[in-house]
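K.L.:
the sequence and its predicted three-dimensional model are supplied below.
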Amino acid sequence: MIIVSMKIIKQICRLQDIRMNVEIKIVCPFCGQRQMIIEVNRNRCWCIKCKKEKHLDEIFRLVEREYNYKHQDTLNIMNNTTGVCG
Ligand SMILES: [Zn+2]
């Protein structure tokens, strides 16, 4: 739903010749501060605090890896449990 909305927003901006400038602040995977800005229209992320700048895909991989590491025990239980019927 969000992706569809973003497409519509992009089209509105294009039709009105307005430069879209959507920014979302996330936790930076390098310094751990919520100071990393995702520039949606550029697919770039940059941190106000530590000045790292990366492509959105790279940040996604880092955040996903960090999430999986933090939830390793839960993921192992889920993957190794055959369930009630297994
Ligand atoms: Zn940072």
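P.N.:
Received it, and whenever you're ready, just let me know what you need.

K.L.:
only C-alpha atoms from now on, for both contacts and neighbour counts.
P.N.:
Will do.

K.L.:
distance from the lowest-mean-pLDDT helix or strand in the chain to the middle of the chain?
P.N.:
When each helix and strand of the chain is scored by mean pLDDT, DSSP states H and E, helix 72-80 comes last, with a mean of 82. Relative to its parent chain, helix 72-80 has a centroid offset of 23 Å by CA atoms, centre = their mean, to the nearest Å.

K.L.:
with just CA atoms, put that helix into CSV.
P.N.:
Extracted C-alpha coordinates of helix 72-80, given in CSV (Å, rounded to 0.1, in the frame of the first residue of the first chain):
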residue,chain,number,x,y,z
GLN,A,72,19.2,-15.3,16.5
ASP,A,73,17.8,-17.4,19.3
THR,A,74,14.2,-16.9,18.3
LEU,A,75,15.0,-17.6,14.7
ASN,A,76,16.8,-20.8,15.6
ILE,A,77,13.9,-22.0,17.7
MET,A,78,11.5,-21.2,14.9
ASN,A,79,13.6,-23.0,12.3
ASN,A,80,14.4,-26.1,14.4
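
K.L.:
residues making contact with it?
P.N.:
Residues from elsewhere that reach helix 72-80, judged by CA atoms under 8 Å, 6 or more residues apart in numbering: N68.

K.L.:
close to the ion: what parts of this structure are there?
P.N.:
Residues of the chain lying close to the ion (CA under 5 Å from the ion) are 28, 31, 47, 50.

K.L.:
just the buried members of those residues?
P.N.:
Neighbour-count burial (16 or more other CA atoms under 10 Å) applied to those gives 28, 47.

K.L.:
can you redo the residues of the chain next to the ion as CSV with secondary structure and pLDDT?
P.N.:
What follows is these, written out as CSV (DSSP: H, G, I helix; E, B strand; the rest coil; pLDDT from 0 to 100):
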residue, secondary structure, pLDDT
C28, coil, 97
C31, coil, 97
C47, strand, 98
C50, coil, 98
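
K.L.:
so what's D57 up against?
P.N.:
By CA under 8 Å, 6+ apart, the contact list for D57 reads N43.

K.L.:
as CSV, could you dump the C-alpha coordinates of the one helix or strand it maps to?
P.N.:
Secondary-structure assignment from DSSP states H and E places D57 in helix 56-70. C-alpha atoms of helix 56-70 as CSV (Å, rounded to 0.1, in the frame of the first residue of the first chain):
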residue,chain,number,x,y,z
LEU,A,56,19.5,2.3,0.5
ASP,A,57,20.1,-1.3,-0.4
GLU,A,58,23.3,-1.5,1.6
ILE,A,59,21.6,0.0,4.7
PHE,A,60,18.8,-2.5,4.3
ARG,A,61,21.2,-5.4,4.3
LEU,A,62,23.0,-4.0,7.4
VAL,A,63,19.8,-3.4,9.3
GLU,A,64,18.5,-6.8,8.3
ARG,A,65,21.7,-8.5,9.4
GLU,A,66,21.6,-6.7,12.7
TYR,A,67,18.0,-7.7,13.3
ASN,A,68,18.8,-11.3,12.5
TYR,A,69,21.8,-11.3,14.9
LYS,A,70,19.7,-9.8,17.7
